[in-house]
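J.: Show me how the following folds:
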Amino acid sequence: MRQSNLSERIANRAFVSTLGFGFVLIAGLSFSMAPVADAFVTSQLESAAERATAIDGTTDPEQIIEALTAPGFGIAVTPLEEEADSSGQVNFDGNSDVATIEVVLPKSGVLVTLSQSNELSGYLGWAVLGVGSGILAILALAVRLVQIKLVRREAEPLNSISALAQEVAQGTRGDRLNLNSKAAEDLRQTATALNSMLDALEASENSALRNSKRIEELAQDVAHELKTPLANLIALADNGIRQSDSEEEQIRLSNLVREASRAARIVDDLTLAIGSPAATQQPTKAELGELLEELGGEFPTAVFTGSNRLKIAMDAGQLLQILRNLLSNATRYGSGAIRLDVSDHGDSVVIGVEDDGPGVAPEDRERIFERFVRLDYARARIEGGAGLGLAISRQLAEQAGGSLHCVNPHHLGGARFELKASLSE
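T.: Below is the predicted model of the structure:
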């Protein structure tokens with residue numbers, strides 16, 4: 001259904017208002033025609049009565065009739081039965097639309113009755129109503145057309161404002177409204193306010209981009225500087241474990257290796273998360289069976305189901321990192337049971353990883369893919385990453401043309417993640 005624009009709505013309202021006011025005016029004028037017509041008929045009859053009175057006694061009845069005869073007049077002359085006054089009043093018969101007046105001519109000894117039809121009153125009212133309505137319709141239509149043109153001209157700046165808003169929403173920056181001096185004052189004030197708002201927004205956006213760039217550079221520098229001492233720390237601790245004869249010392253150094261390794265993984269995740277998207281590479285393929293075999297050694301409690309002879313159109317290292325992140329989350333937040341299932345959909349594959357932990361609320365299933373986001377129950381755990389694993393996994397999946405989502409659980413009732421990727425030919 002077509003919706004009218006602002007100019008058409010204003011013009012339509014003006015059209016309806018003009019018609020309404022005009023019809024009321026014409027109807028009032030039409031009804032006022034009756035008294036006008038009555039006054040005209042009254043004046044005609046009274047004038048004829050005066051002429052009859054003037055010739056009283058100077059002529060016979062036939063000559064009186066001849067003298068008073070006029071178009072539209074009815075004349076009746078009757079002998080006087082008794083002496084009467086010569087004064088008379090005009091009487092209107094509402095049923096027959098006939099006005100009459102009686103005039104006594106005592107010298108001539110007759111009673112003259114003059115009558116005239118009052119149908120003009122009704123005809124004149126309907127004529128005014130009909131002709132006035134036609135003229136009013138034409139006038140109202142002309143007003144509507146002129147109103148549309150005038151409103152469109154006055155509202156033209158609104159189209160500029162709308163176009164600029166759409167450009168800003170599409171990412172265009174730097175454009176501003178420039179209304180001419182003929183535009184309405186309130187529209188020019190609106191344009192000035194909008195330009196000021198865009199200036200402030202773009203300044204804030206540029207400042208945020210500069211700050212983000214500085215933060216990324218700082219994080220990259222820190223990550224780079226941390227890699228070498230963490231690697232040296234792990235190497236020294238490993239060497240100490242091999243050379244130490246004390247079991248207590250070996251346990252202490254093993255804990256140091258574990259924590260240092262976890263810190264190194266966080267640094268690697270941070271480096272990948274703040275890095276630029278990977279450049280387009282030649283299509284690669286990953287042997288899913290080989291990757292699952294490697295992951296089986298790392299996650300012995302995980303149960304793998306489905307086909308493992310598929311070749312996936314993704315870099316093997318990236319696919320391994322995604323699955324390792326998902327299985328690590330399942331191990332960290334689950335109660336022990338982990339399931340990895342593979343579903344072949346012809347030209348694509350869906351790999352699901354599910355645990356028996358507390359799960360993820362529907363309102364959090366997108367938020368957990370944001371960087372540095374960890375849910376409340378995750379924060380309460382002693383162990384855990386920096387909240388980058390899922391963000392990195394989705395980033396890698398999308399770079400390979402796939403997707404990664406958190407969905408409703410199918411088997412174990414906890415959290416379930418599904419990776420969708422294309423199969424390699």
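
J.: So residue 59: helix, strand or coil?
T.: Secondary structure of residue 59, reduced to three states by DSSP: H, G, I helix; E, B strand; the rest coil: coil.

J.: what residues are up against it?
T.: Taking C-beta atoms under 8 Å, 6 or more residues apart in numbering as the criterion, residue 59 is in contact with 67, 108. All C-beta spots, glycine's among them, are computed from the backbone N, C-alpha and C.

J.: Same question for residue 321.
T.: Taking C-beta under 8 Å, 6+ apart as the criterion, residue 321 is in contact with 392-393, 396.

J.: If we use 7 Å, what do you get?
T.: Applying C-beta atoms under 7 Å, 6 or more residues apart in numbering to residue 321 gives the contacts residue 396.

J.: Roughly how far does it sit from residue 407?
T.: When distances are taken as C-beta to C-beta, to the nearest Å, residue 321 and residue 407 turn out to be 21 Å apart.

J.: and the longest helix seen in the chain, how far from the chain's centre?
T.: In the chain, ranked by residue count with DSSP state H as the criterion, the top helix is helix 185-243. Averaged C-alpha coordinates place helix 185-243 at 35 Å from its chain's average position (C-alpha atoms, centre = their mean, to the nearest Å).

J.: Over to stretch 244-259?
T.: Here the centre of mass of C-alpha atoms in stretch 244-259, compared against the chain's by C-alpha atoms, centre = their mean, lies 64 Å away.

J.: Buried residues in it, which are they?
T.: By 16 or more other C-beta atoms under 10 Å, the buried positions in stretch 244-259 come out as 253, 256-257.

J.: Using the three-state scheme, assign residue 341.
T.: Three-state secondary structure (criterion: three-state DSSP) places residue 341 in strand.

J.: who does it bridge with?
T.: Beta-bridge partners recorded for residue 341 (DSSP bridges): residue 305, residue 352.

J.: which residues does it contact?
T.: With C-beta under 7 Å, 6+ apart as the criterion, the residues that contact residue 341 are 305-306, 352.

J.: Format the residues you listed as JSON lines; extra columns: distance to residue 234 and neighbour count.
T.: Output for the contacts of residue 341, formatted as JSON lines (distance: C-beta to C-beta, whole Å; neighbours: other C-beta atoms under 10 Å):
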{"residue": "305", "distance to residue 234": "36", "neighbour count": "12"}
{"residue": "306", "distance to residue 234": "36", "neighbour count": "16"}
{"residue": "352", "distance to residue 234": "34", "neighbour count": "21"}
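
J.: Quick one: the residues you listed as TSV, columns for pLDDT and distance to residue 68 too.
T.: Putting those into TSV (pLDDT from 0 to 100; distance: C-beta to C-beta, whole Å) gives the following:
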residue	pLDDT	distance to residue 68
305	90	122
306	88	120
352	94	115
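
J.: and which of the residues you listed is nearest residue 41?
T.: Checking these against residue 41 by C-beta to C-beta gives residue 352 as the nearest, at 99.9 Å.

J.: Could you list the buried residues of stretch 54-64?
T.: Within stretch 54-64, the residues that qualify as buried by neighbour count (16+ other C-beta under 10 Å) are 56, 64.

J.: End to end on it, go ahead and measure it.
T.: Start and end residues of stretch 54-64 are separated by 10 Å (C-alpha to C-alpha, to the nearest Å).

J.: Also stretch 395-406?
T.: Using C-alpha to C-alpha, the two ends of stretch 395-406 sit 14 Å apart.
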